[in-house]
Structures are given as C-alpha cells and as structure tokens.
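Asks: I'll drop the sequence and a predicted model, then ask my questions.
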Amino acid sequence: METDDEDVEAHRGENCDIVPKPKEARVDGISFEVCNDLQAAIEVNPGTGWKVMYPEERFRLDCLHPIDVAARLRDDPDICGTCRVGATGLLRAKEAFGHFGQAAVEFIEAEQREVEHERELREARLQKLEIALNSLSVHHPLCGTAVLIVGLVACSGCLVMVLDFLDRDADLTPTSAFVVVLVIFLFCVTGGANWLIFISSADQAAAELKLLGKEIGRSCSHRCVASISYTMSVLLTAGFVVLTVVCCITSPWFALIVGPAGLCWCCCCSSLFCLRTCNNEYEVKKACQKTIVFNGRVLDSHPWLGLPPCICSWPGKYESAWDSLVKSTRERGLSAAVVFLPEGSQHFGTHDPIPDEEALEGECWCIPLYGEKKPWGCKWWTLWIANIEKAVEYGAELNVFFFEKKKGQGKVQSFATAGQESLRRDAIWQRKAEFEEAVEFQNAKAAGLEKLSKCKRLDSSSQYAREWQRLFLAWLPEEDRKFLEASEGLGNSQKAEVAWLERKGYAYKEVELDAATWTRFQASPPSPKVIHL
C-alpha cells in the first residue's frame, strides 16, 4: 500500500525507520515501494539480492517484519546507503537511504557537467574541421548551379539551331562546317566545366561528411549541385549522341568532323576528371594534416627544459584529451611517439611488410597486431616503431597512458599472442546482436533501459553504453566475461604497443590518464613537466 509523501516521516541515516501516521498503522505486515527518482541506474537489495532499477522505475515488496534495504549507484557502487523499513511507505532513492541520495545527485551532476564539456569540445573540434575543409571548395554552390543552368540552356539552344540548319542545308559548306565545329566546341567547354563542378561538389560533400561525421548545411548544398551536375551530364551526353547521329545520316563529311571531336571531348573530360580527383585528394589530405592526422613528434633534449618524457601509448577513446595532446605537441613542445592515420589521410589502408629480422609470421604487421588484415592498414605501426626507436636513442622516458582507474591493467600475455587475443575479443563482441535478442536484454529494455542518457562524457561512454556493457558481460559465459574484464585498461592497438615495448626490453612508466586535466588545458595545454607529474 502506497502512502502520500506527507503521510511519511522518514528519519535519514544509515538506519532509518519509515513511520506513518497512526491512521496508516498495519498489523498484518509491511508493504513498501522503492522509487528510483534519480536520473541514473541504481541497485536495491531488500535482503533477497540486488535488483537493478532504471530511472522512474518502481519496485514493491511485502514482508512480515522490519528489514534493512540497501541501495547503491550502478556506475559507482561505493556510493551506497541503507534504510530500516519498519512500516508501509514509499522509499524515494534521493531521500530514503541516508547520505546515498545526496552523493548520487552530486555524482550525476558532475557527470552532466562533463558531458556538457565534452559536447562543447566536440563542437569546437567540428568547427575546426569545417574551417579546414573550406579550403577545398573552388566555387560557391550557387555560382556552380548558375554555371550549370546557363551552360545547359546554351547547349540546348545551339543544338536545336544546328539541327534545323542541317535539315535545310545537307551539303557540306564552310559555313555549315563552322557551325558544327562551334557547337561541338561549346559542348566540350560546357562538359568540361560541368565535370569540374561535379567532382568538386561531390568530393567536397563526401569529405565533409567523412571528417565531420554529420550532415551540415554546406554538405547539403554541395550534394544538390552534384545532383544537378550529374543530370546535366546525362543531358549533354544525350544531346551529343543526337547531334552525332543526325550528322552521320546527313553527310559522311559531318561524321568525320563530329567523330574526332567527340573523341577529343571524351579525352578532355577524362583528363579533367582525373586532374580534379587527384587535386581534391591532395586537398583533403592537407586538411586532415591540419586537423586530426598525427604522425608523432619525438623531441630531443632542450637547452633549458632538458629532455622531455615521450608519450608512447595513448588510449584513443579519450577524443578531446587526444586533441589536447596533439595541440600540445604542435604548440607546447610535448614529445609523443603515438600515430593516428584516420580515414581520408594519405596512408590510411596502407599495409607494410614485416622485416625479415623480426622473425614474425604474416604478410604485413596487421597479422601479429590484430590476427588478420584490417581496413585501416598497418602503416601507422611502422611510423610508431620509428618514433619509439628515436625516443630510445634520445634516452627519453617512455610513458604509457592507461584508462582512468585502470592503471597497469589490460595487457596481453605477450606480443606473440596479441593477434590471437585480438581475434578472440572481436569474436566475443560480435555476439552483441545475439545478446540484444536475448531475454535478459529485452527485460532490461522493458524495465526502462532506454531512459538512460546516451550523451557521451570524456571517455566516450554514456550511461546507456556502460549499462549495456554490464548487461552484456553478465550475459556472457564466465570464461569470456573474465577475459573481457581483464582486457580493460588499454585500447586494442595499445595492447600491441605495450607488448612490443616489453618484447624489445624498453622500460616504460605506467600513467593513469586524467581526461579532465587534459581537457581543462584545451585552450592552453600544460607543459610537458606539468603533464609528467
């Protein structure tokens, strides 16, 4: 039986009895209800085991005697509290479990501030990418559209005129030949300009969507121009075919004029296509180099600052902290051997063979790293090894950054097992589709799993993603669960990096990444000395 809030007088503390007014007294047992009024997942234990509760979910229990009910935060079990229930009532998570409610609210508010901070950093990152991509545009979309429309109207008009002229004068004369050649020249010029606009617009839109990761206004306008240009290409080709057929029927001399001219037009358009494509690829790569591509930057000793430590391994899931690292290396003299070659960059997808002296199996580095060839390639590994050797030559201290609260964890057994362990992790994670069809996941969705926030914080996780992973791990067989849990602490590529350092006998320092500290200095990154401490 549920009572109104004003009918319940709760005494907060580790042991708190809920005492209703005399009119609600019961002698035949206790019926109470727990309400999760927090914007996070919690667990409640009325003495029969822990039960997960999602936001706004309620849990009713009947008992004959007073009992102790415990509650803890799902994301941080150290935030917990208990309540002594001795009468019928309603237990609200924010109020009924002593200090638990206030601590949980503070935790949630702190995470919301972190989420907002990450959102601001991401928007700034996207703006930076967009500015870099502006240099790719060789025309304004409206100007491109106007050129296309004018060119199409001109070609259509000239085609009608020349067909009418040929119909009235079938004999080859200097005038008729000049008219045909002039129309062909107009077709060639318009077709070439059309191809330039089409390739530029299509590649510009593709580059923006690829690097920015979302659709924006400029991408929409570029896609519209590309669509118009594609339509015009079809109409121009159809018009030229009509002109060729009519000329061939009218006179073989006209065919001799139109045939070579058509071949020249095709060659011209193909050349412009290749030229523009190559130039745009170069511009995209240049834009990437200005933004997210990083080949590492290992520094030697400085006359005043001395030899800085070298960051040799970094967890990529901390995207905003990564931006701060890259900015620090470019502007603040931070030394880093880490390499990032995203899609669209020059060496993305490039595979490098393993040197014979390493005595490792595989046609490229992907095999010992991941167990199989990966679409992003392994050129980054060759660059990383070169950076590490340079840092060792300088005598720099090598720093390996682990996940927050996971220092020293997540390593593979050895470099020889890195590929096979990676394959096993991939195989386990591929079962996520099977898990989402399982009863356990469907029950969680019915209980309110979708009410958890999907906004990402600094470690790229969200309330929903973390709860999904907890449910997935609980669903797995014990052996697979323990394997994945032991893998937490380093990113997938990081595991191979650390194993390589150990294979080579290079000493390194284990550092726990503090994402908040790194992103706090986003505008003005800390010096290497501060970061090292």
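Replies: Good, I have the coordinates.
Asks: doesn't residue 424 make contact with residue 370?
Replies: No: Residue 370 lies out of contact with residue 424 (C-beta atoms under 8 Å); the separation is 11.3 Å. The way it works is simple: take the backbone N, C-alpha and C, and place the C-beta from them, glycine included.
Asks: Between the two, which is the more surrounded one?
Replies: residue 370 (23 against 16; other C-beta atoms under 10 Å).
Asks: Could you list the low-pLDDT ranges of this protein?
Replies: Along the chain, segments meeting pLDDT under 70 span 1-28, 129-230, 232-237, 239-241, 243-244, 246-292, 303-304, 344, 521-533.
Asks: One more pass at 50, please.
Replies: Scanning the chain for pLDDT under 50 picks out 1-27, 136-142, 144, 212-218, 275-290, 523-533.
Asks: per-domain residue ranges of it.
Replies: Listed by automatic domain parsing, the domain ranges of the chain are 5-104, 137-290, 310-431+476-532.
Asks: which non-adjacent residue is nearest residue 385?
Replies: Using C-beta to C-beta, 6 or more residues apart in numbering and skipping residues adjacent in sequence, the residue nearest residue 385 is residue 500, 7.5 Å away.
Asks: So which bits of stretch 430-443 are buried?
Replies: Buried residues in stretch 430-443, counted by 16 or more other C-beta atoms under 10 Å: 435, 441.
Asks: what comes into contact with that stretch?
Replies: 471-472, 474-476 (C-beta atoms under 8 Å, 6 or more residues apart in numbering).
Asks: Just the ones in strands from those residues, please.
Replies: Judged by DSSP state E, the contacts of stretch 430-443 include no members of strands.
Asks: Among these, name the buried ones.
Replies: 471-472, 475-476.
Asks: can you put those in JSON lines and add distance to residue 340?
Replies: Output for those, formatted as JSON lines (distance: C-beta to C-beta, whole Å):
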{"residue": "471", "distance to residue 340": "31"}
{"residue": "472", "distance to residue 340": "28"}
{"residue": "475", "distance to residue 340": "33"}
{"residue": "476", "distance to residue 340": "31"}
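Asks: buried sites along stretch 390-397?
Replies: Buried residues in stretch 390-397, counted by 16+ other C-beta under 10 Å: 390-392, 396.
Asks: can I get the residues you listed in JSON lines with distance to residue 111?
Replies: Converted to JSON lines, those look like this (distance: C-beta to C-beta, whole Å):
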{"residue": "390", "distance to residue 111": "40"}
{"residue": "391", "distance to residue 111": "36"}
{"residue": "392", "distance to residue 111": "40"}
{"residue": "396", "distance to residue 111": "36"}
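Asks: Tabulate the residues you listed (TSV), appending distance to residue 295 and secondary structure.
Replies: Output for those, formatted as TSV (distance: C-beta to C-beta, whole Å; DSSP: H, G, I helix; E, B strand; the rest coil):
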residue	distance to residue 295	secondary structure
390	12	helix
391	14	helix
392	18	helix
396	17	coil
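Asks: Report the two of those residues separated the most.
Replies: Using C-beta to C-beta, the two most remote members of those are 390 and 396, lying 8.8 Å apart.
Asks: Overlap of the contact sets of these two?
Replies: In contact with both residue 390 and residue 396: residue 298, using C-beta under 8 Å, 6+ apart.
Asks: What separates the first and last residues of stretch 446-454, distance-wise?
Replies: 17 Å (C-alpha to C-alpha, to the nearest Å).
Asks: contacts for that stretch?
Replies: Residues from elsewhere that reach stretch 446-454, judged by C-beta under 8 Å, 6+ apart: 39-41, 52-57, 115, 462-465, 467-468, 471.
Asks: tell me which element the residue nearest to residue 385 falls in.
Replies: Taking DSSP states H and E as the criterion, residue 500 maps to helix 492-504.
Asks: Show me what the one helix or strand residue 91 maps to is packed against.
Replies: Using DSSP H and E, residue 91 sits within strand 89-92. Judged by 3 or more C-beta pairs under 8 Å, 6 or more residues apart in numbering; DSSP states H and E, the packing partners of strand 89-92 are strand 8-10, strand 18-20, strand 30-35.
Asks: can you give me the strands for the stretch 251-400 of the chain?
Replies: Shown for the stretch 251-400 of the chain, the strands assigned by DSSP state E, counting those that start in this stretch span residues 310-313, 335-336, 398-402.
Asks: Quickly compare the ones you listed and say which is most buried.
Replies: strand 310-313 (a mean of 28; mean count of other C-beta atoms under 10 Å).
Asks: For it, which strands pair with it and how are they oriented?
Replies: strand 335-336 (parallel), strand 398-402 (parallel) (DSSP bridges).
Asks: how about that strand as CSV, C-alpha atoms only?
Replies: C-alpha atoms of strand 310-313 as CSV (Å, rounded to 0.1, in the frame of the first residue of the first chain):
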residue,chain,number,x,y,z
CYS,A,310,57.8,10.8,-24.5
ILE,A,311,54.2,9.6,-24.6
CYS,A,312,54.5,6.3,-26.5
SER,A,313,51.0,4.9,-26.0
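Asks: 56 is where my numbering starts, stick with that
Replies: Will do, 56 is the new start, and the previous item becomes strand 365-368.
Asks: Without its sequence neighbours, what residue ends up closest to residue 166?
Replies: That would be residue 512: by C-beta to C-beta, 6+ apart, it lies 6.0 Å from residue 166.
Asks: Quick check: the one you found touching residue 168?
Replies: No: with contact defined as C-beta under 8 Å, residue 512 does not reach residue 168; the gap is 9.4 Å.
Asks: between those two, who's got more neighbours?
Replies: residue 512 (24 against 12).
Asks: ok, now how distant is that one from residue 136?
Replies: 24 Å (C-beta to C-beta, to the nearest Å).
Asks: same deal with residue 513?
Replies: If you measure residue 513 against residue 136 using C-beta to C-beta, the figure is 27 Å.
Asks: How about residue 418?
Replies: In terms of C-beta to C-beta, residue 418 sits 58 Å off from residue 136.
Asks: Equivalent analysis for residue 462, please.
Replies: On the measure of C-beta to C-beta, residue 462 and residue 136 end up 29 Å apart.
Asks: And these two? Which one has more around it.
Replies: Neighbour count, other C-beta under 10 Å: between residue 462 and residue 136, residue 136 has more, with 23 against 15.
Asks: and the helix or strand where the more buried one lies, which strands flank it?
Replies: Element membership for residue 136 (DSSP H and E) is strand 135-140. When pairing is defined by DSSP bridges, strand 135-140 lines up against strand 122-128 (antiparallel).
Asks: Next, the buried residues of the strand it pairs with.
Replies: For strand 122-128, by 16+ other C-beta under 10 Å, it's 122, 124-128.
Asks: hmm, back to that, list the neighbours of the strand holding residue 136 that are in contact with it.
Replies: Under C-beta under 8 Å, 6+ apart, the answer for strand 135-140 is 69-73, 85, 87, 101, 118, 121-128, 146, 151-156, 158.
Asks: Throw together a ChimeraX command that grabs the buried residues out of those.
Replies: To isolate in ChimeraX the members of those that are buried, counting by 16+ other C-beta under 10 Å, one can use:
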select :71,73,85,87,101,122,124,125,126,127,128,146,151,152,153,155,156,158
